[in-house]
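[1] Turn this into a model:
(chains A, B and C)
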Amino acid sequence: MLGRVEHTAYVEQVLAVVEAIPPGRVMSYGDIAEYVGEGGPRQVGRVMSEFGGGVPWWRVIRTDGSPPPSHEGEGLQRLRAEGAPLRPGGQRIDMRAARWEGPVAPR
DNA sequence: GCAATGACTGGTA
DNA sequence: TTACCAGCCATTG
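    Numbers count the residues shown, from 1 in each chain, chains lettered A, B, ... in the order given. Just a heads-up that it's a prediction; the model follows:
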């Protein structure tokens, strides 16, 4: 099975971080890219579009607090159900409070 | 090898 | 606040 475009080291790292995001918290594509220390936000987004079906992709949003344009309402509804801090209006996430630094709790 | 595309980001208008 | 532009990085044609 070499040659298959399956789970590579990079993909596994990205998925691992996404799965590690606790309920009510979110991470931006750039944050994940920086956390794994490779590629960029676009690569993370590409991985999500291909393998995001097996992880809580709705916890991965843009820096402006908006979920992926392809699943805007879907992800927003999921986050709201988990108790994520929504901004007044309930159309975006309060990144300032919902942003998660990683497996280590910042404080 | 070059050009186009994309689940992005930051800055300026 | 929203809208548009340029930059970044890997994959695809």
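
[2] The closest residue to A:Glu101 other than its chain neighbours sits in which helix or strand?
    Leaving aside its chain neighbours, A:Glu101 sits nearest to A:Asp31 (7.9 Å; criterion: CB to CB, 6 or more residues apart in numbering). The way it works is simple: take the backbone N, C-alpha and C, and place the C-beta from them, glycine included. Element membership for A:Asp31 (DSSP states H and E) is helix A:29-36.

[3] surely A:Glu74 meets A:Trp58?
    Yes: the criterion here is CB atoms under 8 Å, and A:Glu74 meets it with A:Trp58 at 6.8 Å.

[4] which residues sit in contact with A:Val36?
    Contacts for A:Val36 (CB atoms under 8 Å, 6 or more residues apart in numbering) come out as A:10, A:13-14, A:17.

[5] among those, who's most crowded?
    A:Val14 (29 neighbours; other CB atoms under 10 Å).
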